[in-house]
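Participant: Pasting the sequence and the predicted coordinates here, then a few questions.
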Amino acid sequence: MASPIKPRNLRLSFCAPSSVAAGASVRSSSSSSSSLARSLAASALRRPALRYVDYSTKRNASLTLICERAKLKGELVRALGGAKASASLLGVPLGHNSSFLQGPAFAPPRIREAIWCGSTNSATEEGKELNDPRVLTDVGDVPVQEIRDCGVDDDRLMNVISESVKSVMEEDPLRPLVLGGDHSISYPVVRAVSEKLGGPVDILHLDAHPDIYHAFEGNKYSHASSFARIMEGGYARRLLQVGIRSITSEGREQGKRFGVEQFEMRTFSRDRNFLENLKLGEGVKGVYISIDVDCLDPAFAPGVSHIEPGGLSFRDVMNILHNLQADVVAADVVEFNPQRDTVDGMTAMVAAKLVRELTAKISK
């Protein structure tokens, strides 16, 4: 099988002007060149070392590599034939919108490593082979930190993420399976999916928290506010939140405001039969699944920023996913924090297993 792509982040802008290097060389040469060195140094000071990038265009430098990879992977899948839908990994290593720890920014490469770990095979529980490009491809990562290093604010960064998702969707039959990153990434991803498909989707959201604050700690893009932005934008018709066990009065009020169906863990035994037999997406453009790894009890996934006891078992989540009747058009797995994982990478393997089973749900 083809080895998975190891994404190389594209350096967008921090470029040392040639005059800076030249000046340094001249200054170290001889005293007879001192006047030329001073001239070059002065010239370098007048030139900014930071080359600003215009992110208002859809096809900017940060998207080039993702677009080209998506094009090549789409061509491959179409050439092989027989695929109506194929999952394609897109990493979004963003952690700065976390309210506690920023470790989720380091998650995408750790999840990829675990997906292809030799300790397991390449088959999903339902028998799909991940080494078949018609089932799973990979288009690499959005270079989040490089973009932020250019002085790009979150408004424009969210647009870059959305355009990256659309680039994948343009290459039919690829469907984005996004690796976070903190949960703030779900907003630009869902927005892109809804805009690209031309209407709202139904969302199945598994999480310990509802992430529906209006603007947590004053940040409208906080990982605790992503679903408020989604619902305000009209990108979802129906939002089901499962695994909730840390919710404030604002979370409940916001849920009522947006008509969210919130299923708390304290009533899970009563709700189990309903949740394990869901049928979603009728009358809309499809179903989006968002899995925050902390939906699981920390006994199963300790490597998260916000540890909340009393969560779902891994098999609870599998039963919900496997029995779901839906056309899954996109999904994300977020909030895995490698910096809090066990030394043997237990949570990385859990996150990878979630990705593998979502791949099976998307591909057909």
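Facilitator: Received, thanks.
Participant: Apart from its chain neighbours, what residue comes closest to His96?
Facilitator: Distance criterion CB to CB, 6 or more residues apart in numbering; nearest residue to His96, sequence neighbours excluded, is Gln102 at 6.0 Å. Heads up, the C-betas are built off the backbone N, CA and C, glycines and all.
Participant: what's the neighbour count on that neighbour?
Facilitator: When neighbours are counted by other CB atoms under 10 Å, Gln102 registers 16.
Participant: Ramachandran angles for it?
Facilitator: Here is the backbone geometry of Gln102 (degrees, to the nearest 10): phi -110, psi 10.
Participant: Would you mind measuring from it to Gly91?
Facilitator: Shown here: Gln102 relative to Gly91, a distance of 16 Å by CB to CB, to the nearest Å.
Participant: Now do the lengthiest helix in the chain: which elements does it pack against?
Facilitator: Using DSSP state H, we find that the single longest helix of the chain is helix 61-80. Counting by 3 or more CB pairs under 8 Å, 6 or more residues apart in numbering; DSSP states H and E, the packing neighbours recorded for helix 61-80 are strand 86-92, strand 136-141, helix 154-169, strand 174-180.
Participant: Would you mark the buried spots in stretch 115-130?
Facilitator: Across stretch 115-130, burial judged by 16 or more other CB atoms under 10 Å covers Ile115, Thr124, Lys128, Leu130.
Participant: Pick the one among the residues you listed closest to Asn273.
Facilitator: Distances from Asn273 to these, taken as CB to CB, are shortest for Thr124 (24.6 Å).
Participant: Assess the claim that the closest one and Asn131 are in contact.
Facilitator: No. With contact defined as CB atoms under 8 Å, Thr124 does not count as touching Asn131 (11.3 Å).
Participant: Show me where this structure has its helices.
Facilitator: According to DSSP H, the helices that the chain contains are 18-27, 34-46, 61-80, 107-115, 144-149, 154-169, 186-197, 226-232, 249-258, 268-275, 314-323, 346-362.
Participant: Make TSV out of these and add distance to His205 and mean pLDDT.
Facilitator: Below are the helices of the chain laid out as TSV (distance: least, CB to CB, whole Å; pLDDT from 0 to 100):
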stretch	distance to His205	mean pLDDT
helix 18-27	49	36
helix 34-46	51	42
helix 61-80	25	94
helix 107-115	18	98
helix 144-149	22	94
helix 154-169	17	97
helix 186-197	8	98
helix 226-232	7	98
helix 249-258	11	98
helix 268-275	12	98
helix 314-323	11	98
helix 346-362	13	98
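Participant: export these to a markdown table and tack on distance to Ala208?
Facilitator: Shown next, in a markdown table, are the helices of the chain (distance: least, CB to CB, whole Å):
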| stretch | distance to Ala208 |
| --- | --- |
| helix 18-27 | 49 |
| helix 34-46 | 52 |
| helix 61-80 | 31 |
| helix 107-115 | 17 |
| helix 144-149 | 24 |
| helix 154-169 | 24 |
| helix 186-197 | 15 |
| helix 226-232 | 14 |
| helix 249-258 | 11 |
| helix 268-275 | 12 |
| helix 314-323 | 12 |
| helix 346-362 | 14 |
